[in-house]
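Peer 1: need a structure here:
(chains A and B)
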Amino acid sequence: MSAIADKISSPQPAKGAAILIASGVRKTFRMGDSEIQVLSKVDLTVAAGEFIAIEGRSGSGKSTLLHLLGALDECNAGVVTYDGRDIAKLSSSRRAFLRNTQFGFVFQFYHLLPELNVLENTLLSAMIENSLLAFRAKKSHLRSRAKELLTQMGLEHRLRHRPQHLSGGERQRVAIARALMNQPRVLFADEPTGNLDADTGRQIMGVLERLHQQAGQTIVMVTHDRSLACKADRVLVLEGGILREAEG
Amino acid sequence: MPAIQIILWSIVALAPLATIFALIRILTGPRLISKLMFRYLFKRRIAWVSLVAVMLCTAMVLIVISVMGGWLRMFRQTNHALIGDLIVYRGSLDGFSHYQDMIADISQIPGVKAVTATVHTVGLAEIGVGHTPNPIRTPVEVMGLDIKQIGQVNGFVDSLHLQPEVLRAKSKEYAEAARKEHGAGTADGLPMGDGLGNLDAEKAKTFQAKADSFPSWQKALPDEVYRAELPNSRSDPARFGGIIVGCGVIGLRGNDPREDYIYRAWVKLTLLKISGDLSSVDLQDKASTNYYWLIDDSRTGVYQADQNFVYLPFDVLQNQLNMGASAYTDANTGRQETEPARCSEILISVKPGVDPYAAKPQIAEAVNGVLQKFNLYYPEPGEVRVETWDEKQRDFLSAVEHEKSLLVILFAIISVVAIFLVFCIFFMIVMEKTRDIGIVKSVGATSSSIAGIFLGYGLTIGLVGGGMGLLLAYLVVHNINQLHAWMGTHFGIQIWNAKTYLFDTIPNTMDAHDVVVIVSVAILSSVLGALVPAIRAARMNPVEALRWE
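Peer 2: Sure thing, here's the model as predicted:
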């Protein structure tokens, strides 16, 4: 895993340039007759090459914020812009394109497809990006890239295995490989160690840290664990629907 | 158009649109569509239930339609083959006169290929070999026909068992037997044995002569065979003419082997003659009972014809029925007059490519011309009619066509059941796969790609289920007679009754048009069943789908 910086060549903007900006974001959910406000007024700027950790208790709206930033959901008020474009104003297919080519997601519960093996799960975003014929034409290139990523994750011996036959840590590493397949500009990690034991969690954090340090990967991670959040360049706290810089 | 019809037609129109959409998405959409589509097909066993349902529905409808459509087709073909293209007839046993003039005029019509007259009556047949105490006694329908001419008009000649190749084979067989008999003879080459060699040689000659003159009324065996059958060995066997019987009349089925003794059988035929004034049946006329030699049997495939018909030469039957030309003295004028000959029907065939319906008006005109010329008037319902072969059978055909329409409605109901089944199963699969849909959407799949996965899945179920249904139906239909015989032997189940269905075998062919329509409907039904679950899947919010428990 030491050669990640050499192997993964994400197109990165000038370090420090803002690529993802949330301003005045508000999100509410309707529960029957009542309305629950999860995010009141969130402002956030994600700069290229930055590793941001968003900390907060369970139910504080961390995942919701991540979904809004990653074009998976829409806010009730405020604006989320990516490269200066308002995500809410993009068509659903353009948003899908963003998720496929610009963003990568790593979830707490791995979210691998049980019908596909490790290699196929890693190839998922490439299979969405390419048509039947295009995929066939690029098949060997795409497969070798997926194999490379899996080798870097230490899973070269697990290519044909199905997710249900892997340990939690292995599944999460497959999820990271899948997220990196299309060389995303921003990697969103939603409690990536939340379902793992302490040792395995440290290993996964090590992968993310190396990605950031060696390949300059922009990462936005949410966690409730202060010790993990400390690994990031910048730690923010989400509390009462408001995002603020962590103290100390 | 009522609202319900608009809704129904919209649903029907949706199926091909959804199928085209699925095909386009599979071919041009993301690789993931085909990947997940096939993976779900093989990994989700619940989908196999819908696959089996589509297969069974397709097979069931194909089998029923093939048997029913095949029956209808066979009925049309055999009736067409029995009648010819057009028929001129009267709904009366005494027939109509001046048929020779009609034949002459009809023959002049450009599209007409051949014309022949027939006579019909009913009678009682007694059939036996030698002095059998238990001859077959059965009522029969008797048809008089010109055997040389009828082959030009319909398929009767093809229905005869003793076809030229059969006759030649028999001739060869007897010639071989005769050669062996002679070969084992004395050193000077003269026959030794009991003279069987000579008889075999005679049989060989007779079969060969019958083959050469095919089709003919010539007897199948040498005179000395028939002479041996007669009570008085000095009687002349030539006094008895030849008769052809439907194979069922002598208890044979189409493929039963024919022993040569069949052609030594005699037929005592008593005809039902109508009295001169047409007011009664004349059974006292001794001349109405005659003996014939059974010279061949016919297997048209139509149960009623094969079980009931016997065939005589046209002029023989015509004379027996007193329908030939006869001289009489007019009681009023005292002058010698001639009663013209009569026939029951005129059968007509048209040249290839000529529509019988197009030829019909000209034929009707020719017939009416003769009727007017000779001042003939046959009041209804016994008027002379000109009809095409299918018009003659219209009552029966339309009834069966209606039954087929009912079957189509039944098919529609079955399709609805299949659609509903696919819908339920797909709905279950979409519910079960909600989180997967969220995952795939989070990685960038569009809503149309998600819809493409499930529509393609439905399309695959339809294609595979329809294909398997077609295979199953083909195996069943192709072997339906053997299956039926097996069911009869092992379980005593006899579904097909030749008396009811007219044919002694169940139709075992599939119509390409029916196959295309039914398999297409099966495919479209599957896609239609998957449509609502696919739309539901496509509209899922990725975040909600990811949180699905």
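
Peer 1: could you use CA atoms for every contact and neighbour count after this?
Peer 2: Will do.

Peer 1: per-residue pLDDT, the closest residue to residue A:156 other than its chain neighbours?
Peer 2: Among residues not flanking residue A:156 along the chain, residue A:150 sits closest, at 5.7 Å (Cα to Cα, 6 or more residues apart in numbering or on different chains). Predicted confidence (pLDDT) at residue A:150: the value is 93.

Peer 1: so who does residue B:446 touch?
Peer 2: Residues in contact with residue B:446 (Cα atoms under 8 Å, 6 or more residues apart in numbering or on different chains) are A:92, A:93, A:96, B:538.

Peer 1: TSV for those residues, including distance to residue A:48 and secondary structure?
Peer 2: Converted to TSV, the contacts of residue B:446 look like this (distance: Cα to Cα, whole Å; DSSP: H, G, I helix; E, B strand; the rest coil):
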residue	distance to residue A:48	secondary structure
A:92	25	helix
A:93	24	helix
A:96	21	helix
B:538	33	helix
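
Peer 1: ok, so of those residues, who is nearest residue A:159?
Peer 2: Residue A:159 has its nearest neighbour among these in residue A:96, at 27.0 Å by Cα to Cα.

Peer 1: flag every buried residue along the helix or strand containing residue B:370.
Peer 2: Element membership of residue B:370, judged by DSSP states H and E, is helix B:356-373. Under the neighbour-count criterion of 16 or more other Cα atoms under 10 Å in any protein chain shown, helix B:356-373 has B:356, B:359, B:360, B:362, B:363, B:364, B:366, B:367, B:368, B:370, B:371 buried.

Peer 1: on that earlier part again, ChimeraX command for the buried members of the contacts of residue B:446?
Peer 2: Buried subset of those, written as a ChimeraX selection, criterion 16+ other Cα under 10 Å:
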select /A:96 /B:538
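
Peer 1: show me which of the contacts of residue B:446 is closest to residue B:266.
Peer 2: residue B:538 (81.1 Å).

Peer 1: which residue, other than its chain neighbours, is closest to the residue of the stretch 51-200 of chain B found nearest chain A?
Peer 2: Using Cα to the nearest Cα, the single residue of the stretch 51-200 of chain B nearest to chain A is residue B:51, 19.2 Å away. For residue B:51, ignoring the flanking residues on the chain, the nearest one in space by Cα to Cα, 6+ apart is residue B:465 at 4.9 Å.

Peer 1: count residues in the vicinity of the one you found, would you?
Peer 2: Neighbour count for residue B:465, taken as other Cα atoms under 10 Å in any protein chain shown: 27.

Peer 1: so residue B:349 belongs to a helix, correct?
Peer 2: No. Applying DSSP: H, G, I helix; E, B strand; the rest coil, one finds residue B:349 to be strand, outside a helix.

Peer 1: mind giving me the packing neighbours of the helix or strand the residue nearest to residue A:156 falls within?
Peer 2: Using DSSP H and E, residue A:150 sits within helix A:132-152. Helix A:132-152 sits against helix A:118-122, helix A:124-129, helix A:168-180, helix B:3-28, helix B:31-43, with contacts defined as 3 or more Cα pairs under 8 Å, 6 or more residues apart in numbering or on different chains; DSSP states H and E.
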